[in-house]
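> The sequence and its predicted three-dimensional model are supplied below.
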Amino acid sequence: MGLTLGELAVRFGCELRGDAAAQVVRVGTLSGAGPGELSFLANPQYRSQLKDTRAAAVVLDAASAPMCPAAALIHSNPYATYARIAAQLHPEPPADTGVAPGAQIDASARIAATASIGAGVVIGPRCSIGERVRIGAGCVLGADVRVGDDCRLHARVTLESGTELGARVHVQSGAVIGSDGFGFARDGAGWTKVPQLGRVRIGDDAEIGANTTIDRGAIDDTVIGSGVKLDNQIQVAHNVRIGEHTVIAACTGISGSTRIGARCMIAGAVGIVGHLDICDDVVVTGMSMISHSISAPGVYSGGIPATPAGLWRRLVGRFKRLDALAARVARLERGSHPSSARTDNDE
Amino acid sequence: MGLTLGELAVRFGCELRGDAAAQVVRVGTLSGAGPGELSFLANPQYRSQLKDTRAAAVVLDAASAPMCPAAALIHSNPYATYARIAAQLHPEPPADTGVAPGAQIDASARIAATASIGAGVVIGPRCSIGERVRIGAGCVLGADVRVGDDCRLHARVTLESGTELGARVHVQSGAVIGSDGFGFARDGAGWTKVPQLGRVRIGDDAEIGANTTIDRGAIDDTVIGSGVKLDNQIQVAHNVRIGEHTVIAACTGISGSTRIGARCMIAGAVGIVGHLDICDDVVVTGMSMISHSISAPGVYSGGIPATPAGLWRRLVGRFKRLDALAARVARLERGSHPSSARTDNDE
Amino acid sequence: MGLTLGELAVRFGCELRGDAAAQVVRVGTLSGAGPGELSFLANPQYRSQLKDTRAAAVVLDAASAPMCPAAALIHSNPYATYARIAAQLHPEPPADTGVAPGAQIDASARIAATASIGAGVVIGPRCSIGERVRIGAGCVLGADVRVGDDCRLHARVTLESGTELGARVHVQSGAVIGSDGFGFARDGAGWTKVPQLGRVRIGDDAEIGANTTIDRGAIDDTVIGSGVKLDNQIQVAHNVRIGEHTVIAACTGISGSTRIGARCMIAGAVGIVGHLDICDDVVVTGMSMISHSISAPGVYSGGIPATPAGLWRRLVGRFKRLDALAARVARLERGSHPSSARTDNDE
């Protein structure tokens, strides 16, 4: 499905420099795109790639436009504009509405007529599936699950009983929502399971990544705000609350009862301990350990970049003798004779 | 299903202060509970929440009881007692016994008559499924799997061939038990797969979290002791052995052939390297790297809490120059002239 | 199925010391093997275990052979040789060819006659499944997926639309290949999804671990080279490229657009940030954070081993005051009076 640059400029509010009648049929990268292909420049750092592009048109901002050898679709937010045009050029293939063979739908579930239920899907009692929802093959929905309009579940997603998704939520394959929280009471030599009675509630426009897990609350619910984007293999423990529009990258784990504010950006492989309060607009860089509440917006870090192993071993050795090093400095400050003061064979 | 406080006191061995005829019908948090609801206070740190509770009754210990404005069910272990009462007030909905439509059961498998096999479940040759077992929709059991009485598999669990579960094991959705261990022999430019011939054996009363993976042994078995509780997204490599009643929080990874003792408590996102021996009663705090065997019970730590990014960058810079700092201290101790000794432009 | 040592020596190019007519029927560990069982010694560090073995025969190298009390199958690469013999002694049980009941195969898919398609498998339009492929129960393949000859998918694997596997690829249970990359454009208060239009292409002889996730590319493809071995719960983000024969251990995460060279060995729980270039033959030790490109082969490290918690707390405290410690050393170098210079109550 080709679209003319003129149509695109009008529909997406761009200024066009170039031939309004020229057509684009698909997207490509700046370096890979050829005739009929549309590319974009979002990060000015890659501006030098512009000059060699053979794309038919490029979405970019006004500052980059003069360097563009191709037709330019100019917008103050080129990345979001590119995203919208790409969705137009590459629409999802339509899904068959109705229930595929082999799906098992409880008689008490309500499925909108415009929904598409894939092969082998299992839907439990009293579920409610909204308009135009697409549920991929092999998904399992427990009892009393509510899926809002225009949600999309990829293959093999589990929504345990009571889970609620707002509208337009995307869940990638393998995600598990509503698993039991990790609650055990010490009981003699062992542990007694504490019933996990809350649910998971997810707002509108959220994205849940592949093989991400979100536990149901112990008593109250685990709550994921509207517009939250969770990458793959994230773990969200029971009773966590995540504020609107917060994005979290892959492999991050959030322990129980922690609250994360709105518009936070949390990088990958971060660990957040339980019962914390993270305020709005916090940015956390990769592999950080967040062990205290954060009450001021800003950027927080905790990962130490790797080095060649020999140097690293020395640094770790130094780190493990920091107590001794500080003691030596203190002795020097007191004017003690260093030779008698040194008790390790450091340096 | 309401229960009177008198019944609860008798059945769960509590001292009751309050109206024995009063009924509770469900549980709630201290701050959220209202009439007819039972709450609990396990951590004395939250004692201040007692005074405002509107719960009908609270399970707590004797020391906290005087501060309780509601009926008090007094027990020396209020959390475990709460867990038992909650299970009584909120029983799991009963499952239909028998085999749901669309399940594929090999003719040689033995399924107890009281078991419940969900839709789309696949059970391989020679499997044995115990009494009152519940297998959720979409689970796949390979050949020769043994599931003990009263086990519960949530939806979409894989038990690969030969896996054995004791009695009362809970497996959350998406867990994979018995996947091949990561064994490859260097072979010219590449790697040859080493057949993974052992199994996974899990004792009684274990819990396996959502999307957790436990690899089969290479030759001998991977063994998870009775009462072990594993949270979500834990990785247990081949030939690991975990002792009884050890609990491990989410996102922790345990490399091959490591043995973990009994009653250990391992926090989230911990990494444990292979071929180690961790003794009984070890506690490991979050995001620690365990790279050596541990032979003394106690608490071990390895994560560094995040700080504001600017400070963190300076600290990492200091860390990477620790060798130079130690050298400067040594020169000072020798009485060398500092100005000639300094070779970096530190500080 | 027993094999004589003579047969094994000939077939696998070993020198035999012992009775060529003796038979072995299965493998065992050095300490556990008994009559009729074959063991191996690959790591000379375990050579002391040789003297007590009751194995019928041991695969080992020439240097270890003199210490072997049993028959010796001598090879310069004993581990790979063991792997091949073990595969011979313990062949996979044959799978039924054809399509199991309950599988849903789109009419336009091409399935080789020698392939085995498990119960409940869903295969989308225009897929192509090669000779002798085994697809375990509950797998879901989207549209236009290509699976090369002799691939094996364990249970409950997702291959999203357009995914390509070369020949002899093994995918463990729960893996998700071709999920959407994590691409969102900031858009007012929230985020707009950037269509993820690339695919995942995997070469020959790769292994993908249980519950590992590999995202499709945003525009170009995510590419996993031939011979790459990925352990469980690895996250590979969109547009990552991994070179041939690289092995990566469990729980490692690789952020978007990073390229990893050939023959790298990356340990578990490593985090690699996006848009990096890691050259060939790089080794990364466990729990390292790789935040910069690496252009020289070698070993890189970044994890700090845990210590008893009391010592660790002091070390973290020292670490967080490294700025102050360096300032004190600088003052000493300048000859300032320490008592006035010290502003913290360190040491």
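Sure, I can see it. Keep in mind that this is a model prediction, so the values were computed, not measured.
> Once you drop chain neighbours, what's closest to A:S161?
In this structure, A:S161 finds its nearest non-sequential neighbour in A:G142, 3.5 Å apart by CB to CB, 6 or more residues apart in numbering or on different chains. To be clear about C-beta, it is placed using only N, CA and C from the backbone, and glycine gets the same treatment.
> How much space separates that neighbour from B:G118?
Going from A:G142 to B:G118 by CB to CB, to the nearest Å gives 10 Å.
> Also A:N77?
Distance, A:N77 to B:G118, using CB to CB: 47 Å.
> okay, those two: which has more neighbours?
Legend: neighbour count by other CB atoms under 10 Å in any protein chain shown for A:N77 and B:G118, higher for B:G118 (25 against 18).
> Any stretches of the stretch 201-347 of chain A with poor pLDDT?
Where the stretch 201-347 of chain A drops to pLDDT under 70, the residues are A:336-347.
> Please, where are all the helices along it?
A:309-320, A:322-334, A:338-341 (DSSP state H, counting those that start in this stretch).
> Which residues of the stretch 51-200 of chain A lie near chain B?
Within reach of chain B by CB under 8 Å from any CB of the partner chain, the stretch 51-200 of chain A has these residues: A:102, A:104, A:120, A:122, A:138, A:140, A:142-143, A:156, A:158, A:160, A:174, A:176, A:179-180, A:182-187, A:189-195, A:197.
> Would you mind checking those residues for buried ones?
Buried members of these, counted by 16 or more other CB atoms under 10 Å in any protein chain shown: A:102, A:104, A:120, A:122, A:138, A:140, A:142-143, A:156, A:158, A:160, A:174, A:176, A:179-180, A:182-185, A:187, A:190-195, A:197.
> Out of the residues you listed, which sit inside strands?
In strands, judged by DSSP state E, the following of these are found: A:104, A:122, A:140, A:158, A:176, A:179, A:184-185, A:187, A:190-193.
> Could you dump those into a markdown table and include distance to chain C?
Compiled in a markdown table, these are given as follows (distance: CB to the nearest CB, whole Å):
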| residue | distance to chain C |
| --- | --- |
| A:Q104 | 11 |
| A:V122 | 11 |
| A:V140 | 11 |
| A:T158 | 11 |
| A:V176 | 10 |
| A:S179 | 14 |
| A:F184 | 22 |
| A:A185 | 24 |
| A:D187 | 25 |
| A:G190 | 24 |
| A:W191 | 22 |
| A:T192 | 27 |
| A:K193 | 23 |
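> any chance of the residues you listed in JSON lines, with pLDDT too?
Formatted as JSON lines, these follow (pLDDT from 0 to 100):
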{"residue": "A:Q104", "pLDDT": "97"}
{"residue": "A:V122", "pLDDT": "98"}
{"residue": "A:V140", "pLDDT": "98"}
{"residue": "A:T158", "pLDDT": "98"}
{"residue": "A:V176", "pLDDT": "98"}
{"residue": "A:S179", "pLDDT": "98"}
{"residue": "A:F184", "pLDDT": "98"}
{"residue": "A:A185", "pLDDT": "98"}
{"residue": "A:D187", "pLDDT": "96"}
{"residue": "A:G190", "pLDDT": "95"}
{"residue": "A:W191", "pLDDT": "98"}
{"residue": "A:T192", "pLDDT": "97"}
{"residue": "A:K193", "pLDDT": "98"}
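> do you know how far the spatially closest residue to A:A83 that is not a sequence neighbour is from A:A63?
Closest residue to A:A83 apart from its sequence neighbours, by CB to CB, 6+ apart: C:V194 at 4.2 Å. From C:V194 across to A:A63, the span is 21 Å (CB to CB).
> Also A:Q88?
A:Q88 is 25 Å from A:A63, by CB to CB.
> ok, the two, which is more surrounded?
Taking other CB under 10 Å, A:Q88 and A:A63 do not tie; A:Q88 has more neighbours (15 against 11).
> Could you check the pLDDT of that one?
For A:Q88, the pLDDT comes out at 96.
> I figured the residue nearest to A:S161 was touching A:E160, is that so?
Yes. Contact criterion CB atoms under 8 Å: A:G142 and A:E160 qualify, at 4.8 Å.
> Which neighbours do the two have in common?
Common contacts of A:G142 and A:E160 (CB atoms under 8 Å, 6 or more residues apart in numbering or on different chains): A:G178, B:A155.
> For the stretch 151-300 of chain A, list the residues in contact with chain C, please.
Taking CB under 8 Å from any CB as the measure of proximity, the stretch 151-300 of chain A contacts chain C at A:154-156, A:170, A:172-174, A:205, A:207, A:209-211, A:227, A:229, A:231-233, A:244-245, A:247, A:249-251, A:263, A:268-269, A:286-287.
> Report the contact partners of A:A167.
Contacts of A:A167 by CB under 8 Å, 6+ apart are A:G130, A:G148, A:D149, A:D150, A:C151, A:D204, A:D205.
> For B:L315, state which of these is nearest.
Among these, A:D205 lies closest to B:L315 (CB to CB), at 38.1 Å.
> Contact partners for A:V121?
A:V99, A:A100, A:A103, A:Q104, A:I105, A:I135, A:G136, A:A137, A:G138, A:C139, A:V140, A:L141.
> Phi, psi for it please.
phi -70, psi 140 (degrees, to the nearest 10).
> how many neighbours does A:P101 have?
8.
> got the contact list for it?
Contact analysis of A:P101 by CB under 8 Å, 6+ apart lists A:A119, C:Q104.
> quick one: it from chain B, how far?
Using CB to the nearest CB, to the nearest Å, A:P101 is found at 10 Å from chain B.
> any common contacting residues for A:G142 and B:G118?
In contact with both A:G142 and B:G118: B:A155, using CB under 8 Å, 6+ apart.
> coming back round to it: quick one, what contacts the residue nearest to A:S161?
A:G142 makes contact with A:G124, A:L159, A:E160, A:S161, A:G162, A:T163, A:G178, B:A155, according to CB under 8 Å, 6+ apart.
> For A:G102, see how far away it is.
From A:G142 to A:G102 the distance is 19 Å (CB to CB).
> Next: A:A324.
A:A324 is 68 Å from A:G102, by CB to CB.
> how many neighbours does A:T213 have?
Residues near A:T213, counting by other CB under 10 Å, number 30.
> Verify the stated contact: it with B:H154.
No. Using CB under 8 Å, A:T213 makes no contact with B:H154, being 11.5 Å away.
> Overlap in contacts, the two.
Both A:T213 and B:H154 are in contact with A:S179, B:A210, where contact means CB under 8 Å, 6+ apart.
> so A:Q45, which of the three states?
Here A:Q45 is recorded as helix under DSSP: H, G, I helix; E, B strand; the rest coil.
> wait, what's in contact with it?
By CB under 8 Å, 6+ apart, A:Q45 has no neighbours at all.
> ok, now how distant is it from C:R186?
Distance of A:Q45 to C:R186, given as CB to CB: 16 Å.
> Could you check how far A:Y82 is from chain B?
Separation of A:Y82 from chain B (CB to the nearest CB) stands at 29 Å.
> ah, wrong one, I meant A:R263
Distance, A:R263 to chain B, using CB to the nearest CB: 17 Å.
> Quick one: neighbours of that residue, just the number.
For A:R263, the number of neighbouring residues by other CB under 10 Å comes to 19.
> Correct me if wrong: it contacts A:I278.
No. Counting by CB under 8 Å, A:R263 does not reach A:I278; the two are 11.3 Å apart.
> contacts for the host helix or strand of A:S39?
Counting by DSSP states H and E, the element that carries A:S39 is strand A:37-40. For strand A:37-40, contacts defined as CB under 8 Å, 6+ apart pick out A:8, A:24-30, A:33, A:53, A:55-60, A:70, A:73, A:78-79, A:81-82, A:85-86, A:89.
> same thing but at 6 Å, please
A:24, A:26-28, A:30, A:33, A:55-59, A:78, A:82 (CB atoms under 6 Å, 6 or more residues apart in numbering or on different chains).
> can you check stretch A:280-298 too?
So stretch A:280-298 is contacted by A:261-273, A:276-279, A:299-303, B:287, B:303, B:305-306, B:308, C:271, C:273, C:289 (CB under 6 Å, 6+ apart).
> Buried residues in it, which are they?
A:V282, A:V284, A:T285, A:G286, A:M287, A:S288, A:M289, A:I290, A:S291, A:I294.
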